[in-house]
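Peer 1: the sequence isn't on hand, but the structure is:
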């Protein structure tokens, strides 16, 4: 999986310095937040729907082995072909092989974070195949040579003036205003030609039904529908956790997903297909089932709830951290709170980038409150922090032994474990602060604590602790 | 009624006046307050930063110290949240079924001050007088973890002389988050900047909350920027009385 080796802190620092980005993001997330809250408040049974969504996903994950095999049977029976991919390399090889087998030099793609996760576009480019993103926002970032910064609105970090400049330069649209209608019209004309020319379409999947072999794509533009119906060959790349047991289960998700993601009562363009049909749509259908770390995530009883995610991105929009640092700071195709718990589980721990992600949160809990499948993100963050630290401690590396944070934490834990030591430390803190405290305030702290005093004062330790007061007053 | 005061190490060391105010309010309402002296720290900082093996002895210690008491009250939503919501996870990690049972029995008896007053004692008017313009910041753990609801606001509304003003985006995190403020200092500062701007635009002279950790964070910036706006813990407002 593509993931940055740089820690979140470093990427966030750069993003925070971009005031245009903060403005764009602050405006966009505030708008979506308000709309979502209104859309959700219309449903009296919202909490029951969340419970149902969580339960269905849990069931699917608990019996994932059975449901996946059933899905394979159903899809095959309906005329499709199922491929199993252990990792990114296998998945890329399968997709490129299908495209090359049909002599395709260009493929059209729609909404697939899974294909971003495996870096499919780069792989296809190496094989001489150009992949054209057809979701408007994904087209924008593809033209800009950037990465997505939001699960649902990948170009959320760009405003329309920036998009106009991009289209002028890359699509040769000279007389272009920044009116959204003009911008979409330009994209539409460009994309229609691509749709009609492409022999192979590539999509992701929001859900796949084990019982019927039906694959589902949920989108807002209709471009996905073009992608999945016009080309002769359709390849869908799907994470194995997307399977749901029965057709009826979709009733729950078709209510949860649109309201959570785009604040719509009903999703505008929802495509369902089961295998192939004679006389319409693609003549060949391939479903690539991608593991790429998911089985590994499934083996963690506390962490695996992250696999319930239906990619609605409500957690991003309410996250005070995401709102300020944007998606690129998370160093992965999965940004925001869900990314902070999903990425390190998919890649595994022990590297600077993924290990920093569980700490990219103030644990405020806003994400858990809105999650339509009730993923307890703060709890998983804390759980993963524990795994990161234990992993470092148990590695036995010299760096881990000399780590000043670890040493400080061990000393503090020993102090807190003994009342006498604790009371002695309180006195020591009071006595030891004299070089720092001035007029009841500490304005500068050394070393790793200097981040605090960069923008904040610290109150000095008072002359008497509470317990000293209690003993003096109450004996 | 008798209640054991869980002062929290943070208040004990840095904000003793909050503890004194808590005792005053409880005693004014006829609650007998015990202070188990063996208490130290609940282990939240260690646990939430990932030093969970190190936190387990502190969890055991807390359970041992407070289990003899029927009711435990703390002037901190965050530390109560640790005990109620995360001790079960800690016990699970320790692989200790006996500890898990003890936690299960103890956790529902641990209350944050405002929820204890409103939900357990059924009081909103605690006889306080506080003639100042105050805005209330609902801290994340009070609001979303232990769900104190509008208990703090109902208590504040009943304070005589108070001018309670609304805080824009009140429910958004101030950016403290424990070691988050140090580990991700830049992001924390960006969140804090917006919180401080909202506090200032509220026109309040006092920003109040039920957690001194968040208040220390917000107050640190209010002090650095020489705004003249103070932070005061809810318990201290509730303890204030008209001088006779």
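Peer 2: Yes, it's here. Just so you know, these numbers come straight off a predicted model, no measurement behind them. Residues are numbered from 1 along each chain as shown, chains lettered A, B, ... in the order given.
Peer 1: how about the strands in chain B?
Peer 2: Secondary structure of chain B (DSSP state E): strands at B:2-5, B:32-34, B:72-74, B:110-112, B:133-136, B:163-165, B:206-209, B:230-233.
Peer 1: elements contacting the last one?
Peer 2: Okay, so that is strand B:230-233. Judged by 3 or more Cβ pairs under 8 Å, 6 or more residues apart in numbering or on different chains; DSSP states H and E, the packing partners of strand B:230-233 are strand B:206-209, helix B:212-224. (Glycine included, C-beta is placed from N, CA and C.)
Peer 1: out of these, flag the one nearest residue A:213.
Peer 2: helix B:212-224 (51.6 Å; Cβ to Cβ).
Peer 1: could you give the mean pLDDT of the closest one?
Peer 2: Helix B:212-224 carries an average pLDDT of 97.
Peer 1: now mean neighbour count and mean pLDDT too, for the strands of chain B, in a markdown table please.
Peer 2: Listed next are the strands of chain B as a markdown table, based on neighbours: other Cβ atoms under 10 Å in any protein chain shown; pLDDT from 0 to 100:
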| stretch | mean neighbour count | mean pLDDT |
| --- | --- | --- |
| strand B:2-5 | 19 | 98 |
| strand B:32-34 | 14 | 98 |
| strand B:72-74 | 25 | 98 |
| strand B:110-112 | 26 | 98 |
| strand B:133-136 | 22 | 98 |
| strand B:163-165 | 15 | 98 |
| strand B:206-209 | 24 | 98 |
| strand B:230-233 | 21 | 98 |
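Peer 1: switch the ones you listed over to TSV; also include distance to residue A:233.
Peer 2: TSV is the format used below for the strands of chain B (distance: least, Cβ to Cβ, whole Å):
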stretch	distance to residue A:233
strand B:2-5	70
strand B:32-34	75
strand B:72-74	63
strand B:110-112	60
strand B:133-136	60
strand B:163-165	63
strand B:206-209	59
strand B:230-233	64
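Peer 1: related to what we said a few turns ago, for chain A, which of the helices and strands packed on strand B:230-233 is the nearest?
Peer 2: helix B:212-224 (2.9 Å; Cβ to the nearest Cβ).
Peer 1: look up the closest residue to the residue nearest the centre of chain A, ignoring the ones flanking it.
Peer 2: Nearest to the mean C-alpha position of chain A, counting by Cα atoms, centre = their mean, stands residue A:334 at 2.7 Å. Computed as Cβ to Cβ, 6 or more residues apart in numbering or on different chains, the closest residue to residue A:334 that is not its neighbour in sequence is residue A:342, at 4.9 Å.
Peer 1: equivalent analysis for residue A:389, please.
Peer 2: residue B:50 (3.5 Å).
Peer 1: ditto for residue B:30
Peer 2: Going by Cβ to Cβ, 6+ apart, residue B:30 has residue B:1 as its nearest residue, at 7.3 Å.
Peer 1: before we move on, what about residue B:108?
Peer 2: Residue B:108 sits nearest to residue B:84 (Cβ to Cβ, 6+ apart), 7.5 Å away.
Peer 1: so the one you found touches residue B:142, yeah?
Peer 2: No: counting by Cβ atoms under 8 Å, residue B:84 stays clear of residue B:142, with 11.7 Å between them.
Peer 1: okay, those two: which has more neighbours?
Peer 2: Between residue B:84 and residue B:142, counted using other Cβ atoms under 10 Å in any protein chain shown, the more crowded position is residue B:142 (28 against 20).
Peer 1: hang on, the more buried one packs against residue B:77?
Peer 2: Yes: with contacts counted by Cβ under 8 Å, residue B:142 reaches residue B:77, the gap being 3.0 Å.
Peer 1: overlap in contacts of those two?
Peer 2: Residues touching both residue B:142 and residue B:77 by Cβ atoms under 8 Å, 6 or more residues apart in numbering or on different chains: B:112, B:148, B:210-211.
Peer 1: in JSON lines: those residues, plus distance to chain A.
Peer 2: Converted to JSON lines, those look like this (distance: Cβ to the nearest Cβ, whole Å):
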{"residue": "B:112", "distance to chain A": "15"}
{"residue": "B:148", "distance to chain A": "13"}
{"residue": "B:210", "distance to chain A": "15"}
{"residue": "B:211", "distance to chain A": "12"}
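Peer 1: ok, so of the residues you listed, who is nearest residue B:11?
Peer 2: Once Cβ to Cβ is applied, the member of these that ends up nearest residue B:11 is residue B:211, at 9.5 Å.
Peer 1: the closest one: neighbouring residues, count only.
Peer 2: Using other Cβ under 10 Å, residue B:211 has 30 neighbouring residues.
Peer 1: residues in contact with the residue nearest to it when sequence neighbours are not counted?
Peer 2: Excluding its sequence neighbours, the residue lying closest to residue B:211 (Cβ to Cβ, 6+ apart) is residue B:139, at 4.3 Å. Shown in contact with residue B:139 (Cβ under 8 Å, 6+ apart): B:77-78, B:174, B:209-211, B:214.
Peer 1: can you list the low-confidence ranges for chain B?
Peer 2: Applying pLDDT under 70 to chain B picks out residues B:244.
Peer 1: the helices in it, which residues?
Peer 2: Using DSSP state H, the helices of chain B run over residues B:9-14, B:16-28, B:44-49, B:52-66, B:77-81, B:87-94, B:97-106, B:113-115, B:140, B:151-157, B:180-183, B:185-201, B:212-224, B:234-239.
Peer 1: so which of the helices and strands packed on strand B:230-233 is nearest residue B:7?
Peer 2: So among the helices and strands packed on strand B:230-233, helix B:212-224 is nearest, using Cβ to Cβ, at 10.9 Å.
Peer 1: near chain A at all, that closest one?
Peer 2: Yes: using Cβ under 8 Å from any Cβ of the partner chain, helix B:212-224 reaches chain A at B:216-217, B:219-221, B:223-224.
Peer 1: tell me what angle that helix forms with helix B:185-201.
Peer 2: 80 degrees (axes from the mean of the first three to the mean of the last three Cα atoms, to 10 degrees).
Peer 1: check which helices and strands helix B:212-224 is in contact with.
Peer 2: helix A:450-455, strand A:458-459, helix B:9-14, helix B:185-201, strand B:206-209, strand B:230-233.
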